[in-house]
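1. kindly generate the corresponding structure for this input.
(one chain, ligands or ions: 3)
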Amino acid sequence: MRIGVPKEIKNHEYRVGLTPESVAELVANGHELFVETQAGAGIGAADDIYETAGAKILATASEVFETAEMIVKVKEPQAVERAMLKPGQILYTYLHLAPDPEQTKDLVDSGAVCIAYETVTDDQGGLPLLKPMSQVAGRMSVQAGATALEKAHGGRGVLMGGVPGVAPAKVVVVGGGVVGFNAAQMAVGMHADVTILDRNPATLEKLSNHFEASAKVVYSTKAALADLVAEADLVVGAVLVPGAAAPKLVTRDMLKTMQPGAVLVDVAIDQGGCFETSKATTHADPTYVVDEVVHYCVANMPGAVARTSTYALNNATLHHAVKIANKGWKQALKDDAHLKNGLNVCEGKITCEPVANDLGYEYVAADSFLN
Ligand SMILES: NC(=O)C1=CN([C@@H]2O[C@H](COP(=O)(O)OP(=O)(O)OC[C@H]3O[C@@H](n4cnc5c(N)ncnc54)[C@H](O)[C@@H]3O)[C@@H](O)[C@H]2O)C=CC1
Ligand SMILES: CC(=O)C(=O)O
Ligand SMILES: [Mg+2]
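-> Ligands and ions are numbered 1, 2, ... in the order given. Predicted coordinates for the structure are as follows:
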């Protein structure tokens, strides 16, 4: 199969879809690799390293899209990239369609076969292709929050761990999955006063057993959240309903009860955000203020630590890329129900039920394309 890797073009996005090592693995499986010039610059992988791995370097993204049968990316295709997709072409990347009607319409119109990393599942009920970036973003959320709490960044001037004789910051983590767990780990490590909310009893038990007395674990109700948010210095938004737009758990009314200079970090912004006042921001201009509360809502947080993130992402995505390339997408999806769950858009139809429901499209099961 001819496989293409364009350079990422989202704001301050330095990750790349395939590392040189992943390129070499696909080449060893008999495939042809086409990489846009400078695609790996953000992880320190120059064109000659990709050439040594067996790739051909192309000068422009349009040549990559024109040549490849499968495009491997990191972030959702931007409008200029969507315009280059072709009917039947495979797109393998994060999509986050539910909060993004424009992207969804363009992908439907393209006729491409779009497999979203974030809805591929595993036997444990997890999302293994989202997990590595959630680990990164969860850990980063506390760094970002700690920085935003500094006065010079608009915050209320609170140090995460306090000092002997002065109380630490109160950190509230909403959602105790991968992002929430990693955020809590970092906040506990900084000696903050940490509370995690979730509504899945098994998750609450796991968190409670893991953190013991170092973090409080609370069942998530509107009332519990309202009480905790009013007292918080930092709130991390980390909920997910897979495939669907995030529920708006922290309302504008709750925001008004918060302390001036408190900080919200909405990691769930890629699914639309779980705070009513969230809107996506960029690494170039990551924060804004509503009702004296600082909001950090960067939708591609792991892009800032591109080396760590690209290798962690490839560890999870490569084996499916190899299967798709070796077998073709239909056979690969037939053979693997978890990969099949990644199919979001196929030849003009929406094949992810939460996306269809949230955006008012007809839902067509992936199976109907696999005969
Ligand atoms: N902004 C960024 O750069 C990045 C964003 N993300 C996003 O972070 C979000 C979280 O991802 P993961 O932690 O991997 O998901 P996850 O599925 O591991 O965890 C989500 C948790 O939210 C909980 N939850 C759902 N509804 C809830 C409610 N009403 N109250 C409390 N908890 C609730 C679930 O029980 C689950 O434990 C996703 O939207 C993901 O796409 C992930 C990586 C990077
Ligand atoms: C998951 C996601 O949105 C990211 O890694 O940028
Ligand atoms: Mg206020």
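2. now the closest residue to ligand 1 within the chain: closest residue in space that isn't a chain neighbour?
-> Going by Cβ to the nearest ligand atom, ligand 1 is nearest to G177 of the chain, at 1.7 Å. In short, each C-beta sits where N, CA and C put it, glycine included. Once flanking residues are discounted, G177 sits nearest to L240: 6.2 Å by Cβ to Cβ, 6 or more residues apart in numbering.
3. give me the pLDDT for that neighbour.
-> What the model reports for L240 is a pLDDT of 96.
4. renumber starting at 198 from here on
-> Okay, residue one is now 198; in that scheme the one you just asked about reads as L437.
5. wait, it touches G373, no?
-> No. The pair L437 and G373 fails to qualify as a contact (Cβ atoms under 8 Å) at a distance of 10.9 Å.
6. okay, these two: which has more neighbours?
-> G373 (28 against 22; other Cβ atoms under 10 Å).
7. how about the secondary structure of the more buried one?
-> Put simply, G373 is coil when judged by DSSP: H, G, I helix; E, B strand; the rest coil.
8. can you show me the strands along the stretch 248-397 of the chain?
-> For the stretch 248-397 of the chain, the strands defined by DSSP state E, counting those that start in this stretch occupy 253-255, 267-269, 287-290, 310-313, 367-371, 390-395.
9. do the last one and ligand 1 meet at all?
-> Yes. Under the criterion of Cβ under 6 Å from any ligand atom, ligand 1 is reached by strand 390-395 at 394-395.
10. who touches the helix or strand just after that strand?
-> Sequence-wise, the next helix or strand downstream of strand 390-395 (DSSP states H and E) is helix 398-408. For helix 398-408, the external contacting residues (Cβ atoms under 8 Å, 6 or more residues apart in numbering) are 373-374, 378, 381, 385, 391, 393, 395, 412, 414, 416.
11. and these, which is closest to ligand 3?
-> Ligand 3 lies nearest to V391 out of these, by Cβ to the ion, at 22.5 Å.
12. measure the nearest residue to that closest one once chain neighbours are set aside to P499 for me?
-> Leaving aside its sequence neighbours, V391 sits nearest to A412 (Cβ to Cβ, 6+ apart; 4.1 Å). To P499, A412 is 23 Å away according to Cβ to Cβ, to the nearest Å.
13. what about those two, which has more around it?
-> Taking neighbours as other Cβ under 10 Å, A412 and P499 compare with P499 leading, 25 against 22.
14. tell me the SS of that one?
-> From three-state DSSP, the assignment for P499 is helix.
15. got the contact list for it?
-> Counted by Cβ under 8 Å, 6+ apart, P499 has contacts 212, 330, 333-334, 337, 505-506, 510.
16. just to check, L255 is in contact with F231?
-> Yes. In this structure, L255 is within contact of F231 by Cβ under 8 Å, at 5.3 Å.
17. pull up the overlap in contacts between these two.
-> Both L255 and F231 are in contact with 201, 261, 264, where contact means Cβ under 8 Å, 6+ apart.
18. now a PyMOL select for only the buried ones of these.
-> Per 16 or more other Cβ atoms under 10 Å, the buried members of those correspond to this PyMOL selection:
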select buried, resi 201+261
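19. contacting ligand 2 as well, which ones from the shared contacts of L255 and F231?
-> Within these, nothing lies near ligand 2 by Cβ under 6 Å from any ligand atom.
20. distance to ligand 1 and pLDDT added to the shared contacts of L255 and F231, as JSON lines?
-> Below are the shared contacts of L255 and F231 laid out as JSON lines (distance: Cβ to the nearest ligand atom, whole Å; pLDDT from 0 to 100):
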{"residue": "G201", "distance to ligand 1": "24", "pLDDT": "99"}
{"residue": "V261", "distance to ligand 1": "24", "pLDDT": "98"}
{"residue": "T264", "distance to ligand 1": "30", "pLDDT": "98"}
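21. from the shared contacts of L255 and F231, which ones fall inside helices?
-> Among those, the ones falling in helices (DSSP state H) are 261, 264.
22. and the helices in the stretch 448-568 of the chain?
-> Under the criterion DSSP state H, counting those that start in this stretch, the stretch 448-568 of the chain contains helices at 449-453, 503-524, 526-532, 534-537, 550-556.
23. try the stretch 248-397 of the chain
-> Under DSSP H, counting those that start in this stretch, the stretch 248-397 of the chain gives helices at 258-264, 276-279, 298-307, 328-345, 375-386.
24. ok, which of those helices comes nearest T318?
-> With Cβ to Cβ, the closest approach to T318 among the helices of the stretch 248-397 of the chain belongs to helix 328-345: 11.0 Å.
25. what does the closest one rub up against?
-> So helix 328-345 is contacted by 291, 324, 350-352, 357, 366, 368, 374-380, 382-384, 387, 431, 433, 435, 460, 462, 464, 483-484, 491, 493, 495, 498-499, 501-502, 505-506, 509-510, 512-513 (Cβ under 8 Å, 6+ apart).
26. so which bits of the stretch 348-497 of the chain are right by ligand 2?
-> Close to ligand 2, as judged by Cβ under 6 Å from any ligand atom, the stretch 348-497 of the chain has residues 467, 496-497.
27. just those residues now: which is nearest ligand 3?
-> Looking across these and measuring by Cβ to the ion, the closest to ligand 3 is A496, at 25.2 Å.
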